[in-house]
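Participant: Pasting a predicted model and its sequence here:
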Amino acid sequence: MERRDFLKGAAGAGILASLGPAVQGETASNGMIYRTLGHTGERVSAIGLGGFHIGHSGLSEEESVRIIRTAIDRGINFLDNCWDYNGGQSEINMGKALRDGYRQRAFLMTKIDGRNKQTAAHQLDESLQRLQTDHIDLIQHHEVIRFEDPDRIFAKGGSMEALLEAKKAGKVRYIGFTGHKDPRIHLYMLETADQHGFLFDAVQMPLNVMDAHYRSFAQMVVPKLVEKKIGVLGMKTFADGAILRSNTATPEECLRYSLNLPTSVVITGMDSMKLLDQAFAVASTFRPMGAPEVAAILAKTKDAAASGQYEPFKTSYHFDGTAQHIEWMGGDASQVQGAGKSRMRG
């Protein structure tokens, strides 16, 4: 690497290193570290259990329940899910795992796709039923990946009305949003919320070793969230395995990098005990990284990350469930009820 390239990379790494890690209020217990979820004050595990993988067809319901309960027993309390994951099977499996007192030990998050009030309310009620609970700790508007999404969500009769009514009724405690396409859309969602006098409790986005080089959520969105004291939820740590296939970073480096950002939670898929052990091993040995160490990781991933090919959720429609199933966002009752039968990943 030429000196000017190294210095440029080091400067970027310095910015990212200065953002984190989110050690303020961080505590450790039995190998798991806990952080504060933004201004909510909630204590959440720095590693979160991804919801999509625990419901896919290659994993039996029995094994899925075992993984979820083992994760909770070992200290993971943040559970991710979504109304559309695996046609609802992810929520069904998680609901069964949360019986016998496990619900009281979990901070439960799920997401809805509806963009109008009626659709959003229907999906939320269906999620509550599948998850076998009377409330969701954090509900999120899913796949905010178009510039029109914020306008639809906050419009009169939009999905935000449903979530605010649900919060008033005690069905949800906190409200956030997610997206994986472009950090500028996240910024527009935050701007739209400001215009409506609303402050989100959490925001979820891709935060990984390649994000820093291409449409970077870490550089463009995270500083704004830190400023507003909104909980930062990282996802796509391995980009569904694409980053590992690039042979530029190890699983441990991927997890450590994301934990080193000011994330409240790094959500990662764990559909085997091996992956669960891997996540715990990184959490139990995590130490903050300085700018030189961050720069070394970013230098290894720079060339591979330049075109976004290893972050396909940013550059293709493969991860855009709502683009492939527009009925999930709204429509008549038959469309909404029928949408749950699909097994397309959201």
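Facilitator: Looks like it arrived, so ask away. Numbers count the residues shown, from 1 in each chain.
Participant: where along this structure do the strands fall?
Facilitator: Using DSSP state E, the strands of the chain run over 27-29, 32-36, 43-45, 47-49, 78-79, 107-112, 136-141, 172-178, 202-206, 231-235, 265-268.
Participant: outside of the fifth one, which residues touch it?
Facilitator: Translated: strand 78-79. 44-45, 47-49, 51, 68, 72, 94, 106-109, 265, 267 (C-beta atoms under 8 Å, 6 or more residues apart in numbering). For every residue, glycine as well, the C-beta is placed using N, CA and C.
Participant: returning to what we had before: out of the strands of the chain, flag the one nearest residue 314.
Facilitator: Nearest of the strands of the chain to residue 314, taken as C-beta to C-beta: strand 202-206 at 7.2 Å.
Participant: quick check: angle from the closest one to strand 172-178?
Facilitator: 30 degrees (axes from the mean of the first three to the mean of the last three C-alpha atoms, to 10 degrees).
Participant: Tell me which other helices or strands strand 202-206 touches.
Facilitator: strand 136-141, strand 172-178, helix 183-195, strand 231-235 (3 or more C-beta pairs under 8 Å, 6 or more residues apart in numbering; DSSP states H and E).
Participant: could you say what helices and strands the last one packs with?
Facilitator: In this structure, strand 231-235 makes packing contacts with strand 172-178, strand 202-206, helix 222-228, strand 265-268, judged by 3+ C-beta pairs under 8 Å, 6+ apart.
Participant: can you redo the strands of the chain as JSON lines with mean neighbour count and distance to residue 185?
Facilitator: Formatted as JSON lines, these follow (neighbours: other C-beta atoms under 10 Å; distance: least, C-beta to C-beta, whole Å):
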{"stretch": "strand 27-29", "mean neighbour count": "11", "distance to residue 185": "34"}
{"stretch": "strand 32-36", "mean neighbour count": "21", "distance to residue 185": "26"}
{"stretch": "strand 43-45", "mean neighbour count": "22", "distance to residue 185": "25"}
{"stretch": "strand 47-49", "mean neighbour count": "29", "distance to residue 185": "22"}
{"stretch": "strand 78-79", "mean neighbour count": "28", "distance to residue 185": "24"}
{"stretch": "strand 107-112", "mean neighbour count": "26", "distance to residue 185": "16"}
{"stretch": "strand 136-141", "mean neighbour count": "26", "distance to residue 185": "12"}
{"stretch": "strand 172-178", "mean neighbour count": "22", "distance to residue 185": "10"}
{"stretch": "strand 202-206", "mean neighbour count": "26", "distance to residue 185": "10"}
{"stretch": "strand 231-235", "mean neighbour count": "27", "distance to residue 185": "15"}
{"stretch": "strand 265-268", "mean neighbour count": "28", "distance to residue 185": "19"}
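Participant: Adding distance to residue 165 and mean pLDDT, write the ones you listed out as a markdown table.
Facilitator: As requested, the strands of the chain are exported to a markdown table (distance: least, C-beta to C-beta, whole Å; pLDDT from 0 to 100):
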| stretch | distance to residue 165 | mean pLDDT |
| --- | --- | --- |
| strand 27-29 | 35 | 77 |
| strand 32-36 | 27 | 95 |
| strand 43-45 | 25 | 97 |
| strand 47-49 | 27 | 98 |
| strand 78-79 | 24 | 98 |
| strand 107-112 | 13 | 98 |
| strand 136-141 | 12 | 98 |
| strand 172-178 | 10 | 98 |
| strand 202-206 | 19 | 98 |
| strand 231-235 | 22 | 98 |
| strand 265-268 | 26 | 98 |
